[in-house]
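Just the structure for this:
(one chain, ligands or ions: 1)
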Amino acid sequence: MTEAQPKLRAALDGIPVYKPGRPAVSAGGAPAYKLSSNENPYPPLPGVLETALETARSLNRYPDLACSALTAELAKRFDVPESHIATGTGSVGIAQQLVQATAGPGDEVVYAWRSFEAYPIVTQIAGATSVRVPLTDGEVHDLDAMADAVTDRTRLIFVCNPNNPTGTAVRRADLLRFLDRVPSDVLVVLDEAYREFIRGAEVPDGIELYRERPNVCVLRTFSKAYGLAGLRVGFAVGHESVAAALRKTAVPFGVSQLAQDAAVASLRSEDALLERVEALVAERTRVRDALLAQGWTVAPTEANFVWLRLGDRTGDFAAACERAGVVVRPFPDEGVRVTIGEREANDIFVRVAGEFLKG
Ligand SMILES: Cc1ncc(COP(=O)(O)O)c(C=O)c1O
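Numbers count the residues shown, from 1 in each chain. Now for the predicted structure:
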């Protein structure tokens, strides 16, 4: 007997499934490393685990709906009003809320491609239309083309800086010129999930740009540099109406008390954070230099990963890495994104890359 199925919105048809980085699987007892999700290889910062364990005693209670302590801490740190901060279940949760708040059927969301794979998903869930603007040959956002792509149907533009999966970043002068071209009633979301890893002096701090521009909203996360990916907490800094819209579209009690308290403790562990980020940045330079010396073309990266455009050799390369004990993130027929991880893991990746070129 065939039973009628519940009617679902047609907008959901064909939504790509979000592909998480594959977990590391060890073959025959050899260590395996996960370099597929841009995670931080370090455990939580000092004091964070203790705080989380203490909070865990109250798991029978709902969290603080307003995330008050975290909001206050962030407002102080970035010198912004508390009313300009909205927290959420990771920055991907906030990205989804922003699209929900601005776009629906008939509206357009502009973003570079390839970029963070959640953008097409959250756009389609809202029933809005994706407008993808190809990266330049240098794997950077083509901001002129993105500004050209704006129509009277455009409601939101994502600028992923630095870009996932290429690691490339847009420069201050280019971003300012772009922002000047975008109509002031179109929301520009500067997704800065990897902000802490940026070392280029020309890469702008989105929070400085937001101050003078009511249509700019900045996304940050505790998942990457702060190493709290498993707890799901991120935040947006945006002007009053945008932050208020985020509070309206939030799932009530979405950010757990564990996440809130761990995030505050992490913010207070700044010295240890900076040390770890510095070590990862040094590893990034070491890995990229080694790849360049081997003859690879590697886009300059400001994030905790590198990108190799391998085209139709992508699958073979990912398989070779896996056989050697590191799981990377293939984008079929395009390239692989490899997270900077433990030194041993990075060494394996560099070795495989060298052998692959000779192979
Ligand atoms: C560019 C970018 N934005 C946002 C996210 C989401 O991070 P989270 O939801 O863990 O804060 C990621 C994660 O990979 C990302 O690469």
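
In this structure, mark out all the helices, start to finish.
With DSSP state H as the criterion, the chain has helices at 48-56, 68-78, 90-102, 118-125, 143-148, 172-181, 206-211, 240-249, 257-267, 270-294, 314-324, 343-358.

mind putting the ones you listed in a markdown table, distance to the ligand and mean pLDDT included?
C-beta coordinates here come from the backbone N, C-alpha and C atoms, glycine included. What follows is the helices of the chain, written out as a markdown table (distance: least, C-beta to the nearest ligand atom, whole Å; pLDDT from 0 to 100):
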| stretch | distance to the ligand | mean pLDDT |
| --- | --- | --- |
| helix 48-56 | 16 | 96 |
| helix 68-78 | 14 | 98 |
| helix 90-102 | 2 | 98 |
| helix 118-125 | 7 | 97 |
| helix 143-148 | 16 | 98 |
| helix 172-181 | 16 | 98 |
| helix 206-211 | 12 | 98 |
| helix 240-249 | 14 | 97 |
| helix 257-267 | 11 | 97 |
| helix 270-294 | 15 | 97 |
| helix 314-324 | 18 | 96 |
| helix 343-358 | 18 | 97 |
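
Turn the ones you listed into CSV, columns for distance to residue 159 and mean neighbour count.
Shown next, in CSV, are those (distance: least, C-beta to C-beta, whole Å; neighbours: other C-beta atoms under 10 Å):
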stretch, distance to residue 159, mean neighbour count
helix 48-56, 30, 15
helix 68-78, 19, 16
helix 90-102, 12, 24
helix 118-125, 11, 21
helix 143-148, 8, 18
helix 172-181, 7, 16
helix 206-211, 9, 18
helix 240-249, 15, 16
helix 257-267, 24, 23
helix 270-294, 22, 16
helix 314-324, 26, 17
helix 343-358, 29, 18
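
so which of these comes closest to residue 306?
helix 270-294 (5.8 Å; C-beta to C-beta).

quick check: angle from that closest one to helix 343-358?
In terms of direction (axes from the mean of the first three to the mean of the last three C-alpha atoms, to 10 degrees), helix 270-294 departs from helix 343-358 by 20 degrees.

ok, and what's touching helix 270-294?
40-42, 45-46, 196-197, 199, 225-227, 266, 298, 300-301, 304, 306, 308, 340, 343, 346, 349-350, 353-354, 357 (C-beta atoms under 8 Å, 6 or more residues apart in numbering).

on that earlier part again, could I get the helices of the chain as JSON lines with distance to residue 33?
Shown next, in JSON lines, are the helices of the chain (distance: least, C-beta to C-beta, whole Å):
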{"stretch": "helix 48-56", "distance to residue 33": "22"}
{"stretch": "helix 68-78", "distance to residue 33": "31"}
{"stretch": "helix 90-102", "distance to residue 33": "23"}
{"stretch": "helix 118-125", "distance to residue 33": "24"}
{"stretch": "helix 143-148", "distance to residue 33": "35"}
{"stretch": "helix 172-181", "distance to residue 33": "34"}
{"stretch": "helix 206-211", "distance to residue 33": "31"}
{"stretch": "helix 240-249", "distance to residue 33": "36"}
{"stretch": "helix 257-267", "distance to residue 33": "24"}
{"stretch": "helix 270-294", "distance to residue 33": "13"}
{"stretch": "helix 314-324", "distance to residue 33": "10"}
{"stretch": "helix 343-358", "distance to residue 33": "3"}
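
mind listing what residue 125 touches?
Residue 125 touches 11-12, 15, 96, 99-100, counting by C-beta under 8 Å, 6+ apart.

Quick check, residue 146 in contact with residue 157.
Yes. Here residue 146 reaches residue 157: they are 6.6 Å apart, a contact under C-beta atoms under 8 Å.
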